[in-house]
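Asks: based on what follows, work out the 3D shape:
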Amino acid sequence: MHGAVDAVFSALADPSRRFVVETLATRGTATPTELAADLPVTRQAVSKHLAALQEAGLVEAHRAGRETRYALTPAPLTSAAEWIDEVGAAWDARLASLRKLVDG
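Replies: Numbering: from 1, shown residues only. Okay, the predicted model is just below:
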């Protein structure tokens, strides 16, 4: 699981990729050209970002005639959110134990 979570965090480290994920979450699907219209980068740069997101399992491509439309794949984001929740819960438990000791 950690390899998949690592891939998600690595892919989302770039602000342009986070924008693409947010855009796809809102729109549903988009082409690289549509995404490039809203970013200060070229269509080719957007295609590279989409390839990195696809490698992390965050997006999937669907061919529609001459267009390729991309859609968000939420499962990897869910795995990353679950990991964050687990770490947060462990930290909360440690803080609660410390609070008991301090309040003693």
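Asks: and the pLDDT at Pro76?
Replies: pLDDT recorded at Pro76 is 86.
Asks: how about Asp92?
Replies: 64.
Asks: ok, Val20 to Ser10 distance?
Replies: 15 Å (C-beta to C-beta, to the nearest Å). (Glycine included, C-beta is placed from N, CA and C.)
Asks: actually Ile84, not the one I wrote
Replies: 15 Å.
Asks: just the helices in the protein please.
Replies: 2-11, 15-27, 32-37, 43-55, 75-103 (DSSP state H).
Asks: the ones you listed: which one's closest to Ala64?
Replies: helix 32-37 (12.6 Å; C-beta to C-beta).
Asks: re the thing from before, ok, Val20 and Ser10, which is more surrounded?
Replies: Using other C-beta atoms under 10 Å, the more surrounded residue of Val20 and Ser10 is Val20, with 28 against 13.
Asks: ok, the more buried one touching Lys48?
Replies: No: when contacts are counted by C-beta atoms under 8 Å, Val20 is not listed as touching Lys48 (10.9 Å).
Asks: want to throw the helices of the chain into TSV with distance to Ala61?
Replies: Output for those, formatted as TSV (distance: least, C-beta to C-beta, whole Å):
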stretch	distance to Ala61
helix 2-11	15
helix 15-27	11
helix 32-37	10
helix 43-55	7
helix 75-103	15
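Asks: Glu86 and Ser79, how far apart?
Replies: Glu86 is 11 Å from Ser79, where distance means C-beta to C-beta.
Asks: so where is this protein shaky, pLDDT-wise?
Replies: Applying pLDDT under 70 to the chain flags residues 1, 90, 92-93.
Asks: go again with 90.
Replies: Along the chain, the parts satisfying pLDDT under 90 run over 1-7, 9, 38-39, 41, 64, 74-104.
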